[in-house]
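[1] I would like the atomic coordinates for the input below:
(2 chains)
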Number of protein chains: 2
Amino acid sequence: MTRKKRIVILGGGFGGIYTAIHLQKLMKKIPDWEVFLINRENYFVYQPMLAEVVGGTVGILDTVSPLNRLLKKTHLIIREIEEINLEKKQILISPKFTHSPEVVEYDHLVFALGNVTDFRGAPGLYEHAFPFKNLADALRIRNHLIDVLETAEVTEDAQMKKQLLTFVVGGGGFSGTEIVAELNDFVRKFADKSAHIHPKEVRVVLIHNKDRLMDRELSPSLGTYAGEILENRGVEIRFGQKLKTATPDDAILETGEKISSKTIISTVPSSPNPIIESLHLPLDKGKLKTDGTMLVSGTQCIWAVGDCASIPLDGDSFCPPTAQFAIREAKMLASNIVASILGKRRKPFFFKSLGMMGALGHRRAVAELFGFIKLSGFLAWMLWRAVYWIKLPGIDRKFKVAFSWLLDTLFPLETIQLKMAPSQGINKLHFEAGDLIFKEGDVGDYLYIITQGSVDVIKGDKVVAKLKKGEFFGEIALLNQRKRTATIRASEPTDVLALKKSDFGALVANFKELRDTFEKAEKERQ
Amino acid sequence: MTRKKRIVILGGGFGGIYTAIHLQKLMKKIPDWEVFLINRENYFVYQPMLAEVVGGTVGILDTVSPLNRLLKKTHLIIREIEEINLEKKQILISPKFTHSPEVVEYDHLVFALGNVTDFRGAPGLYEHAFPFKNLADALRIRNHLIDVLETAEVTEDAQMKKQLLTFVVGGGGFSGTEIVAELNDFVRKFADKSAHIHPKEVRVVLIHNKDRLMDRELSPSLGTYAGEILENRGVEIRFGQKLKTATPDDAILETGEKISSKTIISTVPSSPNPIIESLHLPLDKGKLKTDGTMLVSGTQCIWAVGDCASIPLDGDSFCPPTAQFAIREAKMLASNIVASILGKRRKPFFFKSLGMMGALGHRRAVAELFGFIKLSGFLAWMLWRAVYWIKLPGIDRKFKVAFSWLLDTLFPLETIQLKMAPSQGINKLHFEAGDLIFKEGDVGDYLYIITQGSVDVIKGDKVVAKLKKGEFFGEIALLNQRKRTATIRASEPTDVLALKKSDFGALVANFKELRDTFEKAEKERQ
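    Next up is the predicted model:
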C-alpha cells in the first residue's frame, strides 16, 4: 500500500496552527493528501496572554489549547525535530520510549518555527537572564518571582533584601513592556500585603536602548505615553541604555554600571530558529526568504509562514512578525499550497494591519487602530481584553479565561509556586538479567556507568566483552556523534547511572581528566 | 532585643496546617509567643483530590491553597529542612540565594512531616515506578500518561503499542484504588476518542496482595464491591500478588511474572520521613511515639501530629493515618501546647471516626458512615464530592473546583501536558572580575569546573592559588561534607560549570577514574 501524499507543518505557533486549520477545510479538494504537524508541545500557547500568566491574572493553563482539539483532522507528532533532510524529503524526529530514530517523509513542507530568544554569544545573559518566549519561560519567571519575594520577607540581611527586591528587564519592545508591566504589578501587590516588605523597597528597572518604548511597533506619541504610564506605576526606565551581561548577582549595562539583582529578564535578542540556519535555503536576516505566495525562493514545495519567514508585502516592505499577520498569512498559505498541488495559480499575500495594541498591566493599555485612531488607558485595555478574548481559540478556553478574570477581581493575589519534579541530571536505571540496555544502531543519547551487576557487550551474535561495577559504556556514540556500535545486555540484575548526552558533553569538553579517560577507553575498545 | 518565644511546626500537610490555624486563634492567651511553619512548598495540597488531578477532573491548581492565605499570622519559611538539633533546639534549613546555612530556633517543636513513599531497598521500583504522594507526583504521572498515549497513537510497532497501552498499579489500599480508578477512566476516555487506539488494546492492571481492595480501611462487603466496580470498568485486579521490581520495560511480580509496561505506579511502601528516623526519639514502627496528649514520650516540648505520629487512642488502639484524624488531632494539639505553656493540664486526644469514603472514578464511590451505614455507587460519589468540597479550605478554591467540575461535564477530555524547564543537571554560571563565587565557611553544595577565565583561591586575606580553564574547585567540601575551606574569586570574566552535590556524589561514588582524580587533588590541596 502506498502512503497518501503529505503536507508536513513544522511548528505549532499561530502560523503553523492556522495553516493546519485552513488546510483541514480544503482537504476535500485534494483527497489523496493528508496533513501532519510536528511540534515539541502538545498544546498551542496563546502568546498575547503569556505576560498575564506571569502576573497570575489568568491561570497557567487558561491560555493553552490542546492541539488535538484544535486540529482534529491533522496527524499530530509531538516530538523534537532532530534534523531536516531536504534532499530525501525527510524529517528526523527525536526518539521517545525507544532509542531508534524515526523519520517522517513529506511532499510539501511548511516552516512555521517562529523565532527564539538566543543568548548564544551573549555571555552572562545566557547563564543568568531569563528569556520570556514560551509557557515554560513564563512559569519559570513566575516561580522565581515568588521565590525572591518570599526570601526577601524573611531575610535579615539588608543588602540581600535590596538585591532580592530589584528586578531588571532588558528590552522595551512589545514583550519587554508587557512583561515589565505585569511583573511590576505582581511584586507591588505582593509588597502591599506583606508585613515585612515596604513598597518603597521594591525597584523595577526597564532598560531600553531607544528613546521611547515600543518604538518599532507604535507611533511616537503612544510609545511615549506607554512609558509615562509605567513610570507612574513605579517602573524606572533607562532609555538609550543596553543590558550587556549578567552574573549571579548583577545586571551589567553597556556603560559598566552594575545593578545588583537576582531577577534579570531579557527579551532581546530574538533570533531565528537554529534548525533553519543549518539548512542551505535562502535567508534574509536569518528568516527564510519567500516570494509573495510564501513559497521559499528557489524551491518547489517548501513554504514558510509567520516569524521565521521573510514575506514581501506590497512592493518594498515585509510582513511584520505579529500574530495578526501570521493568522492571515496562514490562510493564504493553505490555499496556495492547495492551488500548487492542483496546478492552479498561487496568489500573493496582502493584508493591511488593523492596528496594534499593548497591555500595560493594571487596567491600562495603548492601542492604535487603522493607522489613525489612538487609544490609551482603561478604554484601550478593555479593547485589548475584548479583542484577544474573542481570538482565543476554543469555547472552553474563553470560559476559563473569563472565569479567571472574574476571580482576579474578586480574590486577593495568589502566589502558588508550582514545583515539578526536582530536576535530576543523572538518572538511575535498573535492569534484570537478559534485558537489553541498548542495541547496535540505536541513537546514542546517554552514557552509562555500572553501579551494581554486570553487562555483556555484544557485536553481531558474539559477546566481545563483559563490563562490571564501576565501568562505563556508551561513550563511543557520544564522543563521535555516531550510532551505537554494539549491543549491551545485562547479564544479571544490574543498576546503572545514565548521564545525558548534553551533560556528558559539557563535562568532557571542559574536564581534562575525564576526557583523557574516555579517549583512552575509546582507543582500547575500537 | 530578645526574640519572642517560638512554636515551630515542621510540615504543611493536614496536621501542620490545622495546628497552625488553631494556634493562631489561641495566640492572645500567650502574647509572648509566635508561630513558625517550615515547609518545602508554599502551598497546601488537598490530598483527597490528588487522584482527580491525574484524571484531569479538577484543574492542576484547584486543589492547592497558598499557605500565606491560610496562615496569615504564622511566620512561613519555605525551605527544605537540612538537620534538626534537639540539644541546641535549632532547625537548620537549606540556603536560598546564598550559600550560608540558616538556623531557626524553637522553644516548642511540632513534627507534622507525614510519611513518604520510600522505594529505598526496593531496587527497580525506586528507578522505574512512579510514587503517588504529592502534587509533583500527580503531575508527573499525568504528563507521562499523555506521553505514552500520544506515542501509542503514532507508533507502527505493534509490540511497543501493546506495552505503551498497559498500565500497572501496585497496592490496592485507598490511594492505589483511587489512582487506578482515575487512570483507568482517563486512558479509556482517550482511547474512545482516538482513531488509532481501540479500547480493547488498553490494559489496566491493579496488583494487591490481599484478597479484597482497601482491606484495612473498609468493611469486607464494601471492599469487595469496590473491586467489582473497577472490574466492570475494565481494570484487571490481581489479588494475592505483589509488585516486586521493575525495569524500563517490565513490571515484575513476586511470582516472577513479567508484565510489559511503560507505566508502573506504586503506592507502597509508605514509610516515615527520613528526618525523623535520624533523630534519637522514641519510635513505634517508624512513627514518633507520643502520649495521649501528643507530647513525644520522654520530652517536654516536642510534639507530633498526623501520619508521622503514633498516638494512643482509647486504650489499646492508635489513631489511623487519615486526614479526618489529623484535622482533629491538630485542634487538640494546639490547645495542649498552649496549656503546657500556661502550666495548665493537657488533655488526651479522643475522636471516633465518622466513617470512610473512597472515590472510584466516573461517578462511583464507596462510603461507610458511623460504623453501620454503607453506601456505594452514585450516591456515595455525590456524598464524597460534597464532603470533600465542604472541607476544601478557602472560598476561592471552592469556586474553582466547582467550576472545574462543571467544565468537566460540559467539555471533552483535556490532555494538555504542562512542560516545565528541561531538567538540566549541570548549570552554567558567568562571573565578572572580582566577583566571589563562594566564601570560606559557606555550605558546599556544588562542584565547579572552569570553562573560561580564571579564579583566585583565597585563605584569610592571602591568594594561595590561581586556577584556570579546565581546572575544578569546590570538591573538598563535597567529598568531606564540610564547609568551604577557602574563598574563590573570579580574577577576570569567568565561566564555570556547576555540578550539583547529589549528582557529583553519584558520579564519584561509582566512577573510579573520577574518584582517583579528586582524591589526588584533595591531598595536594590540603
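
[2] what's the closest non-adjacent residue to the residue nearest the centre of chain A?
    In chain A, the centroid-proximal residue (C-alpha atoms, centre = their mean) is A:N134; its distance is 4.3 Å. Spatially, and ignoring its direct neighbours in sequence, A:N134 is nearest to A:V45 (6.3 Å; C-beta to C-beta, 6 or more residues apart in numbering or on different chains). For glycine as for every other residue, the C-beta is placed from the backbone atoms N, C-alpha and C.

[3] Then A:M49?
    Excluding its sequence neighbours, the residue lying closest to A:M49 (C-beta to C-beta, 6+ apart) is A:T63, at 4.3 Å.

[4] Please list all residues in contact with the one you found.
    A:T63 sits next to A:V45, A:Y46, A:M49, A:L50, A:E52, A:V53, A:L135, A:L392, A:R397, A:V401 when contact means C-beta atoms under 8 Å, 6 or more residues apart in numbering or on different chains.

[5] what's the burial count for the third one?
    Applying other C-beta atoms under 10 Å in any protein chain shown, we find 23 other residues in the vicinity of A:M49.

[6] Quick check, pLDDT for it.
    Listed pLDDT for A:M49 reads 83.

[7] about what we covered before: among the contacts of A:T63, which are in helices?
    A:L50, A:E52, A:V53, A:L135, A:R397, A:V401 (DSSP state H).

[8] Would you mind listing what in the stretch 251-400 of chain A touches chain B?
    A:I252, A:K262, A:I395, A:D396, A:F399, A:K400 (C-beta under 8 Å from any C-beta of the partner chain).

[9] Between which two of these is the distance greatest?
    Within these, A:I252 and A:I395 form the most distant pair, 47.8 Å apart (C-beta to C-beta).

[10] more crowded one of the two?
    Comparing A:I252 with A:I395 by neighbour count (other C-beta under 10 Å), the higher total belongs to A:I252, at 19 against 10.

[11] I'd guess the more buried one is in a strand, am I close?
    Yes: residue assignment for A:I252, taken from DSSP: H, G, I helix; E, B strand; the rest coil, places it within a strand.

[12] Pull the contacting residues for it.
    By C-beta under 8 Å, 6+ apart, A:I252 lies in contact with A:G124, A:L243, A:K244, A:T245, A:A246, A:K258, A:I259, B:E432.

[13] now do 7 Å
    A:K244, A:T245, A:A246, A:K258, B:E432 (C-beta atoms under 7 Å, 6 or more residues apart in numbering or on different chains).

[14] same question, A:I21
    A:L70, A:L71.

[15] Contacts for the one helix or strand A:A465 maps to next, please.
    Counting by DSSP states H and E, the element that carries A:A465 is strand A:462-468. Here strand A:462-468 makes contact (C-beta under 7 Å, 6+ apart) with A:I450, A:S454, A:V455, A:D456, A:V457, A:I458, A:F473, A:S491.

[16] what do you get for stretch A:151-168?
    So stretch A:151-168 is contacted by A:148, A:183, A:187, A:194, A:196-197, A:201-205, A:207, A:249, A:251, A:259-264, B:77, B:96-98 (C-beta under 7 Å, 6+ apart).

[17] So among the residues you listed, which ones count as buried?
    Neighbour counting with 16 or more other C-beta atoms under 10 Å in any protein chain shown marks A:148, A:183, A:187, A:194, A:197, A:201-205, A:207, A:249, A:251, A:259-264, B:77, B:96-97 as buried within these.

[18] Using TSV, lay out the residues of the stretch 251-400 of chain A next to chain B together with pLDDT.
    Below are those laid out as TSV (pLDDT from 0 to 100):
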residue	pLDDT
A:I252	92
A:K262	94
A:I395	77
A:D396	75
A:F399	78
A:K400	76
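
[19] Dump these into a markdown table; add distance to A:N115 as well.
    A markdown table is the format used below for these (distance: C-beta to C-beta, whole Å):
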| residue | distance to A:N115 |
| --- | --- |
| A:I252 | 25 |
| A:K262 | 27 |
| A:I395 | 30 |
| A:D396 | 29 |
| A:F399 | 31 |
| A:K400 | 28 |
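
[20] residues near A:F351, how many?
    The local packing of A:F351 (other C-beta under 10 Å) involves 15 other residues.

[21] again, but for A:L467
    A:L467: 19 neighbours (other C-beta under 10 Å).

[22] May I have the beta-bridge partners of it?
    Counting by DSSP bridges, A:L467 is bridged to A:V455.

[23] ditto for A:V443
    Here A:V443, judged by DSSP bridges, has bridge partners A:K483.

[24] Tell me if I'm right that it and A:G474 touch.
    No: in this structure, A:V443 is not within contact of A:G474 by C-beta atoms under 7 Å, at 11.2 Å.

[25] and those two? which has more neighbours close in?
    Per other C-beta under 10 Å, whichever of A:V443 and A:G474 has more neighbours is A:G474, with 25 against 20.

[26] residue contacts, the more buried one?
    Applying C-beta under 7 Å, 6+ apart to A:G474 gives the contacts A:G444, A:Y446, A:L447, A:Y448.

[27] okay, it: pLDDT?
    pLDDT, A:G474: 84.

[28] ok, back up a step: just put the contacts of strand A:462-468 in JSON lines and tack on neighbour count.
    Output for these, formatted as JSON lines (neighbours: other C-beta atoms under 10 Å in any protein chain shown):
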{"residue": "A:I450", "neighbour count": "23"}
{"residue": "A:S454", "neighbour count": "16"}
{"residue": "A:V455", "neighbour count": "26"}
{"residue": "A:D456", "neighbour count": "18"}
{"residue": "A:V457", "neighbour count": "17"}
{"residue": "A:I458", "neighbour count": "17"}
{"residue": "A:F473", "neighbour count": "22"}
{"residue": "A:S491", "neighbour count": "17"}
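
[29] nearest to B:T487, of those residues?
    Nearest member of those to B:T487, counting by C-beta to C-beta, is A:I450, at 38.0 Å.

[30] Which strands or helices does the helix or strand hosting A:T451 pack on?
    Assigned by DSSP H and E, A:T451 belongs to strand A:446-452. For strand A:446-452, the elements it packs on are strand A:472-473, strand A:494-500, judged by 3 or more C-beta pairs under 7 Å, 6 or more residues apart in numbering or on different chains; DSSP states H and E.

[31] Could you export the ones you listed as CSV, including distance to chain B?
    Below are these laid out as CSV (distance: least, C-beta to the nearest C-beta, whole Å):
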stretch, distance to chain B
strand A:472-473, 7
strand A:494-500, 6
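
[32] most packed of those strands?
    Among the helices and strands packed on strand A:446-452, strand A:494-500 has the highest mean neighbour count (mean count of other C-beta atoms under 10 Å in any protein chain shown), at a mean of 23.

[33] Pull up the pairing partners for it, direction included.
    Partners of strand A:494-500 in its sheet, by DSSP bridges: strand A:426-431 (antiparallel), strand A:446-452 (antiparallel).
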